[in-house]
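A.B. asks: Got a sequence here, can you build the structure:
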Amino acid sequence: MDLRKEQTVVLVKPDGVQRGLIGEILTRFERMGLKIVALKLVSVPKEMAQKHYPESRTALLEGIGKKTLDTYAKYGRDPKEELGTMDPLELGRMVNRWNIDLITSGPVVAILLEGLHAVDNVRMAVGNTLPTFAQPGTIRGDYSVDSPALANAKKRAVRNLVHASGNAEEAKYEKELWFHKADIHDYTRSDEQVMFG
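C.D. replies: Next up is the predicted model:
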């Protein structure tokens with residue numbers, strides 16, 4: 001496979017759309033040399049959100065639950081008192097439901113990006129999933145300060161502006177979930193020869 005053709009999915013979540021950051025986010029990816037090969041503004045039905053955040057990923061959900069417990073420990077709070085459970089899987093499912101609530105709360109911009117090491121480069125550009133820990137210069141580090149401590153206390157998802165595929169397998173699944181073949185375009189950017197020639 002041509003390394004320059006790797007594809008990954010980015011979603012500008014409703015908080016990013018509502019804050020008017022679509023253009024800024026797209027600009028960052030284009031300036032990196034990534035090519036937008038599909039782009040659309042969509043309302044996300046609950047069924048679609050459940051496919052994007054499937055309950056079947058128990059290992060991932062347990063990991064999310066363990067991170068939730070770590071956050072509570074760090075800030076000296078009691079998850080049993082605030083959320084009613086200490087079970088990592090149940091906490092992960094709770095966070096997953098909050099993510100579904102967020103992504104269905106308003107329009108989402110779905111983007112398919114293509115380019116050299118697209119998955120890794122996009123993950124680096126968006127920054128840590130938790131904006132509190134995202135480095136300055138990343139999308140989340142520059143435009144969000146939300147934290148899991150606040151989100152959990154308010155029983156909602158962390159508002160971190162964007163979703164980015166975590167690996168090549170996830171990117172393939174999400175590409176097929178969010179885009180039809182007719183949505184995807186193949187073209188040459190004028191700077192490709194300079195960057196990759």
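
A.B. asks: what residue lies at the spatial centre of this structure?
C.D. replies: Here the mean C-alpha position of the chain is nearest to the C-alpha of residue 163 (C-alpha atoms, centre = their mean), at a distance of 1.1 Å.

A.B. asks: Quick one: residues contacting the nearest residue to it once chain neighbours are set aside.
C.D. replies: When the adjacent residues along the chain are set aside, residue 163 lies closest to residue 11, with 4.2 Å between them (C-beta to C-beta, 6 or more residues apart in numbering). Where you see a C-beta, it was placed from the backbone N, CA and C, and this is true even at glycine. Residues in contact with residue 11 (C-beta atoms under 8 Å, 6 or more residues apart in numbering) are 103, 108-111, 162-163, 178.

A.B. asks: Let me know the closest of those residues to residue 193.
C.D. replies: Of all those, residue 111 has the smallest distance to residue 193: 23.8 Å, by C-beta to C-beta.

A.B. asks: if we can go back for a sec, just say helix, strand or coil for the residue nearest to residue 163.
C.D. replies: When classified by DSSP: H, G, I helix; E, B strand; the rest coil, residue 11 comes out as strand.

A.B. asks: How is this structure divided into domains?
C.D. replies: Taking automatic domain parsing as the reference, the chain has its domains at 1-43+106-118+175-187, 58-103.

A.B. asks: What mean pLDDT does the first one get?
C.D. replies: To tie it back to what came earlier, the one meant is domain 1-43+106-118+175-187. The predicted model gives domain 1-43+106-118+175-187 an average pLDDT of 97.

A.B. asks: With the last one instead?
C.D. replies: Per-residue confidence for domain 58-103 averages out to 93 on the pLDDT scale.
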